[in-house]
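Engineer: Fold the following, please.
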Amino acid sequence: MKLRFTLLILWAALTLWSCAPDDPLIDSTISYSNFYVTLTERPQDQMILGLLDARSSVGEVDFRIISQSPTDALTLELETGQLIVRDSSLFDINDTELIRAQIEVTDSMHTETLDVWITLAVSDTVISYFQDVALGFEYGNASEITRKWSTNMKVFVDGDPSQEVRMTLEKAIQELNALATDGFAIELVEDRLSSNCYLFFGTDNAFLQQFPDAADALGDNWGLFTVWLNNDTITRARIFVDTRRPAPRMQRSLTLEELVQPLGLAKDSPRFPNSIFYETRNNGGFAEAYSDLDRELVRLLYHPRMTVGLNKAQTAERLKEILKSEW
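Structural biologist: Okay, the predicted model is just below:
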């Protein structure tokens with residue numbers, strides 16, 4: 001009888017201990033992080049924005065959206081926590097620059113709430129790189145403002161370009177023309193007198209025989225461009241590409257660069273190695289194609305709403321207007 005009574009007391013004590021709310025063996029902890037992301041263009045329906053970060057000390061967690069603004073912008077996988085675009089039309093920067101949601105995270109014992117912040121913004125990279133490349137010139141003291149052609153650039157080709165270089169030139173012209181939407185185009189012409197852009201492929205000596213005034217600007221460079229302006233509008237250009245010193249691959253790269261810079265994208269930059277504008281003190285870059293960012297700069301400069309004479313701040317505002325209108 002005494003033994004049975006002792007066992008009953010011990011069983012009761014164990015039962016009370018095991019039910020204690022502060023028992024670390026039973027209680028759970030949910031750890032989580034709030035979700036932040038910035039989008040620089042409108043997403044598509046069903047696009048996965050990311051994976052919500054939440055976990056429990058005792059097992060799996062489930063997710064549930066308890067609020068969101070705008071309503072129905074988001075959905076999610078309840079078990080995995082994948083955050084998904086439900087209605088991409090609600091991701092309109094012209095209506096809102098912030099999409100918010102609260103997500104309930106639950107395990108078998110506890111519930112926590114995490115915040116979702118989705119910021120809609122135009123690309124700072126596009127704007128800052130445009131400012132780097134399109135304002136002013138590499139040399140001289142010209143003001144840092146936008147400049148572009150208002151008429152077609154009519155190119156007369158002279159010298160001895162290889163077949164590969166000639167094909168590179170023709171392909172680049174097609175590519176650049178497809179980007180301009182303000183009526184501008186580059187034309188190849190057979191008559192020098194009808195041209196407003198003279199493009200010479202050959203040796204530096206042969207080029208300088210025609211244009212001795214370019215000696216100081218050319219120096220030891222393998223490529224050179226010069227433009228003439230009227231009220232910040234480009235009216236005439238002259239381009240040189242060396243076909244003796246640089247290797248064929250470099251000649252093709254120089255052709256791409258010297259063709260696009262007289263359009264008004266006149267500066268080099270050390271920021272993006274795959275850009276045609278890339279150059280550092282020890283590296284000329286020599287990209288063999290226009291990067292996506294390069295093409296975007298051309299497209300924005302020759303957009304109908306981009307005008308000449310804009311300074312750095314005005315350029316940023318104009319680019320934001322254009323990019324927001326296309327969101």
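Engineer: Would you state the helices of the stretch 201-327 of the chain in chain order?
Structural biologist: Using DSSP state H, counting those that start in this stretch, the helices of the stretch 201-327 of the chain run over 204-210, 215-218, 248-260, 292-301, 312-325.
Engineer: hang on, E296 packs against V122?
Structural biologist: No. Look at E296 against V122 with CB atoms under 8 Å: they stay out of range, at 11.7 Å. In this view, the C-beta of every residue, glycine as well, is placed from N, C-alpha and C.
Engineer: Rounded mean pLDDT for stretch 273-284, please.
Structural biologist: Stretch 273-284 shows a mean pLDDT of 88 in the predicted model.
Engineer: Could you do stretch 145-158 as well?
Structural biologist: Averaged across stretch 145-158, the pLDDT comes to 98.
Engineer: Please point out which parts of that stretch sit buried.
Structural biologist: By 16 or more other CB atoms under 10 Å, the buried positions in stretch 145-158 come out as 145-149, 152-157.
Engineer: do stretch 57-73 as well
Structural biologist: 61, 63, 65, 68, 70, 73.
Engineer: Please flag which of the residues you listed sit within strands.
Structural biologist: Counting by DSSP state E, the buried residues of stretch 57-73 place 63, 65, 68 in strands.
Engineer: Who's the closest spatial neighbour of the last one, skipping the chain neighbours?
Structural biologist: Going back to what we said before, that points to Q68. In space, and not counting its chain neighbours, Q68 is closest to A101: 3.8 Å by CB to CB, 6 or more residues apart in numbering.
Engineer: Now that that neighbour has come up, it's in contact with D72, right?
Structural biologist: No. Judged on CB under 8 Å, A101 makes no contact with D72 at a distance of 10.9 Å.
Engineer: Tabulate the CA atom coordinates of stretch 125-144 in PDB.
Structural biologist: These are the backbone C-alpha positions of stretch 125-144, laid out as PDB (Å, rounded to 0.1, in the frame of the first residue of the first chain):
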ATOM      1  CA  THR A 125      21.800  52.200 -62.200                       C
ATOM      2  CA  VAL A 126      20.400  53.300 -65.500                       C
ATOM      3  CA  ILE A 127      20.000  56.900 -64.400                       C
ATOM      4  CA  SER A 128      23.500  57.200 -62.800                       C
ATOM      5  CA  TYR A 129      25.200  55.400 -65.800                       C
ATOM      6  CA  PHE A 130      23.400  57.700 -68.200                       C
ATOM      7  CA  GLN A 131      24.700  60.700 -66.300                       C
ATOM      8  CA  ASP A 132      28.200  59.200 -66.300                       C
ATOM      9  CA  VAL A 133      28.300  58.600 -70.100                       C
ATOM     10  CA  ALA A 134      26.000  61.200 -71.700                       C
ATOM     11  CA  LEU A 135      26.800  64.400 -70.000                       C
ATOM     12  CA  GLY A 136      29.800  66.300 -71.400                       C
ATOM     13  CA  PHE A 137      32.900  65.000 -73.100                       C
ATOM     14  CA  GLU A 138      36.000  63.100 -72.000                       C
ATOM     15  CA  TYR A 139      38.300  66.100 -72.800                       C
ATOM     16  CA  GLY A 140      37.800  69.800 -72.800                       C
ATOM     17  CA  ASN A 141      35.700  72.000 -70.700                       C
ATOM     18  CA  ALA A 142      32.300  71.600 -72.300                       C
ATOM     19  CA  SER A 143      29.300  71.800 -70.000                       C
ATOM     20  CA  GLU A 144      27.900  68.500 -68.700                       C
END
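Engineer: Now do that stretch: everything it contacts.
Structural biologist: Stretch 125-144 is contacted by residues 145-147, 217, 264-269, 271-272, 275, 277, 293, 296-297, 300-301, 311-312, 315-316, 319-320, 323 when judged by CB atoms under 8 Å, 6 or more residues apart in numbering.
Engineer: Out of the residues you listed, which end up buried?
Structural biologist: Buried members of those, counted by 16+ other CB under 10 Å: 145-147, 264-268, 272, 275, 277, 293, 296-297, 300-301, 315-316, 319-320, 323.
Engineer: Give the next helix or strand downstream of the host helix or strand of E175.
Structural biologist: Assigned by DSSP states H and E, E175 falls within helix 163-179. Next helix or strand after helix 163-179 toward the C-terminus (DSSP H and E): strand 186-189.
Engineer: can I get the CA coordinates of that following strand in CSV?
Structural biologist: Below are the C-alpha coordinates for strand 186-189, written out as CSV (Å, rounded to 0.1, in the frame of the first residue of the first chain):
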residue,chain,number,x,y,z
ILE,A,186,22.1,56.3,-89.0
GLU,A,187,22.5,56.0,-92.8
LEU,A,188,25.4,54.8,-94.9
VAL,A,189,25.9,57.0,-97.9
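Engineer: Show me which positions of that strand end up buried.
Structural biologist: With burial defined by 16+ other CB under 10 Å, the residues of strand 186-189 counted as buried are I186.
Engineer: Give the partner strands of that strand in its sheet and their orientations.
Structural biologist: Strand pairing for strand 186-189, determined by DSSP bridges: strand 153-159 (parallel).
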